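Undergrad: Got a predicted structure here, sequence first:
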Amino acid sequence: RVLMCIRCLLFSAVAVFMFTVSLVPHTVIDWQANNNLWPIVKHWNQRLDKFQLVNSYGLFRRMTGVGGRPEVIVEGSNSLHQGWKEYDFLYKPGNVKVAPPVVAPHQPRLD
């Protein structure tokens, strides 16, 4: 019974430690939350980073960060003397006043 309690406490301590260390990569996109972390947590994250135990993987994480989604804007002109105009992709979200095309069940790509 004592052995089971010791094992439970050990696993609980490891779980809390891993959770705490995993906060570092998850708070990279929010500088204020990252600055609130204790320095010892960041230190242990750096020491354990080579083992890749935790990461900040998330669905479309790079696209939905705090700074917003990076957008590609293609511009061109038919004349050297006139201004440039933006070319719209056929299925790219753009003007919110225009209804999107019906594309179901086809899911078009921008490339």
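TA: Yes, it's here.

Undergrad: Now find how far off-centre stretch 10-17 is within its chain.
TA: Mean C-alpha position of stretch 10-17 versus that of the full chain (Cα atoms, centre = their mean, to the nearest Å) differs by 26 Å.

Undergrad: contacts for that stretch?
TA: residue 44 (Cβ atoms under 8 Å, 6 or more residues apart in numbering). From N, CA and C alone the C-beta is placed, and that goes for glycine too.

Undergrad: which stretches of this protein aren't confidently modelled?
TA: Of all residues in the chain, those with pLDDT under 70 make up the ranges 56-70, 93-94, 96, 100, 102-103, 108-111.

Undergrad: Skip the chain neighbours and tell me the closest residue to residue 77.
TA: Using Cβ to Cβ, 6 or more residues apart in numbering and skipping residues adjacent in sequence, the residue nearest residue 77 is residue 84, 4.7 Å away.

Undergrad: who touches the one you found in this structure?
TA: Residue 84 is in contact with 75, 76, 77, counting by Cβ under 8 Å, 6+ apart.

Undergrad: Could you look up the SS state of the first one?
TA: Classification of residue 75 into helix, strand or coil gives strand, according to DSSP: H, G, I helix; E, B strand; the rest coil.

Undergrad: how many neighbours does residue 21 have?
TA: By other Cβ atoms under 10 Å, 20 other residues sit near residue 21.
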